[in-house]
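Novice: please work out how this folds:
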Amino acid sequence: MNGTDNARVATAELAERPRHTGGSAITRSQILLFATSVGIIVTNLFAPQTLVGLIGPSLGAAASEGGLVSMATLLGYAAGLFFLVPLSDLVENRVLVLRMLCAAVLAAAVASLAPSAASLLVVLFILGAACSCIQVLVPVAASMAPPRQDGRVIGDVMSGLMFGILLSRPIASLVADAFGWRAFYGISAAALALLAILLGLTLPRRQPLAHTSYAGLIASLVALLRQEPVLRRRAFTASLVMAAFSVFWTAVALRLAAPPFDLGQKGIALFALVGAGGAAVTPIFGRAGDRGFTRSATILCHLALIAAPGLAAWAGAARTGDAWVPLILMGVSAVLLDIGVTGDQTLGRRAVNLLQPKARGRINGLFVGIFFIGGAIGSLLAGLAWAWGGWNAVCAVGALFGVAALMVDWVEYALWR
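Specialist: Below is the predicted model of the structure:
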């Protein structure tokens, strides 16, 4: 951020925050509640990435169409961020979260019974939209943070989100291996129902500051993008980062199921656990942002996104012989990729949450909605790249997204130095 942006952030940190009844400052138990909640909800968004190999054939989908299963949930999530999350600036947030969770419970239950690929895609889109309540919970946590500790609180909550993202794949694989892919959605519906009960009893109320109509809120999204250069830059690079993330994780299960790895669902689940290590660095990046290292940390994240697909391509080139060394290298690339994604998301979320407290819900929805559009595009391209050129094509697409993010960093430096 340039000097003007920093001044705006400092001013925003001192601005009035939305009213809540959870106390003057967020507690450790409340942070744990937020982190656990977003971690449980977000599993529904990324589980399809590891279930593509099972869902597609069982419903008669072609190999090139497998990415649509993962894309549907992410597109639904993006739609929810654009059209549902802005309500957090208008409707009391506790009520909004509970209503969206109830919709998610119903959608997950229906997904477990979907008779065709077309019906499943529709239901997963709705499930993704309902899961956007995550981005109502995160601004609630940020609004409760003490001054100049937003990065710490957001980083801690984001660690729960990232653990949920990274653990969603092994959990889904293990459940699918034991009971089939439909069982995952049945279990998810039950977990979301329990979470709705818990949040109904414990979630603090948060009254938004905005006084306008829903149509006015939606119309203001374009104005916010025009007014906030930080939001535009961070949302764009986040979309590139999320695309690289989705490209890798949508296709890696297909590569691991082939020689020389020949992993089943249990093996793929164990591999996915390796990537969860990347979530451990989330609070570190939040604190780096608090201390003024946003730009340098962001560049490191984007360099990691370029290196990870290169290492993955090298590991995936093995066809015969001992698979342990290539598998370890593949695991290192997964951790490197997840660190880059986690860092970029945490730093970007911190930056945009400090812009306009009265529009925090809309800004957060725009930021995350734009980067999930990138994730949906990445999922679609992963299926196409796999069908066209196999694993090497997948890694090349992922690396290109990382290069594009780094180019944005360079342009930003050239313009604002």
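Novice: so where's the stretch 301-417 of the chain shaky on pLDDT?
Specialist: By pLDDT under 70, the low-scoring segments of the stretch 301-417 of the chain are 320-321, 361, 413-417.
Novice: now the helices for it?
Specialist: 324-353, 360-416 (DSSP state H, counting those that start in this stretch).
Novice: just those: most buried one?
Specialist: helix 324-353 (a mean of 23; mean count of other Cβ atoms under 10 Å). No exception for glycine: its C-beta is placed from N, CA and C like everyone else's.
Novice: name the helices or strands packed onto that helix?
Specialist: helix 134-143, helix 150-179, helix 229-256, helix 265-275, helix 282-290, helix 294-316, helix 360-416 (3 or more Cβ pairs under 8 Å, 6 or more residues apart in numbering; DSSP states H and E).
Novice: 10 Å - rerun?
Specialist: Packing partners of helix 324-353 (3 or more Cβ pairs under 10 Å, 6 or more residues apart in numbering; DSSP states H and E): helix 3-13, helix 134-143, helix 150-179, helix 229-256, helix 265-275, helix 282-290, helix 294-316, helix 360-416.
Novice: His407 against Ile299, yeah?
Specialist: For the record, residue 407 is Met, not His. No. Contact between Met407 and Ile299 fails when scored by Cβ atoms under 10 Å: they sit 11.4 Å apart.
Novice: can I assume Leu113 sits in a helix?
Specialist: No. Judged by DSSP: H, G, I helix; E, B strand; the rest coil, Leu113 forms no part of a helix; its state is coil.
Novice: now it: how far from Trp388?
Specialist: 34 Å (Cβ to Cβ, to the nearest Å).
Novice: got the contact list for Gly267?
Specialist: 173, 177, 253, 256-257, 261, 327 (Cβ atoms under 10 Å, 6 or more residues apart in numbering).
Novice: ok, now Leu256?
Specialist: 50, 53, 262-264, 267-268, 271-272, 316, 323, 327, 330, 391.
Novice: and Ala190, what does it touch?
Specialist: Here Ala190 is in contact with 105, 108-109 (Cβ under 10 Å, 6+ apart).
Novice: hang on, the earlier thing: now which of the contacts of Gly267 would you call buried?
Specialist: With neighbours counted using 16 or more other Cβ atoms under 10 Å, the contacts of Gly267 contain these buried positions: 173, 177, 253, 256, 261, 327.
Novice: make CSV from these and add distance to Gln345 to it.
Specialist: Shown next, in CSV, are these (distance: Cβ to Cβ, whole Å):
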residue, distance to Gln345
Ser173, 23
Asp177, 29
Ala253, 22
Leu256, 25
Phe261, 29
Leu327, 27
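Novice: the residues you listed: which two are farthest apart?
Specialist: Maximum pairwise distance in the buried ones among the contacts of Gly267, criterion Cβ to Cβ, is 18.3 Å, between Asp177 and Leu327.
Novice: low-confidence stretches in this structure?
Specialist: 1-24, 61-66, 148, 150-151, 209-210, 275-279, 282, 320-321, 361, 413-417.
Novice: how close does Arg362 get to Ile218?
Specialist: Here Arg362 is placed at a distance of 9 Å from Ile218 (Cβ to Cβ).
Novice: ok, now Gly80?
Specialist: For Gly80 relative to Ile218 (Cβ to Cβ), the value is 13 Å.
Novice: more neighbours, those two?
Specialist: Gly80 (29 against 14; other Cβ atoms under 10 Å).
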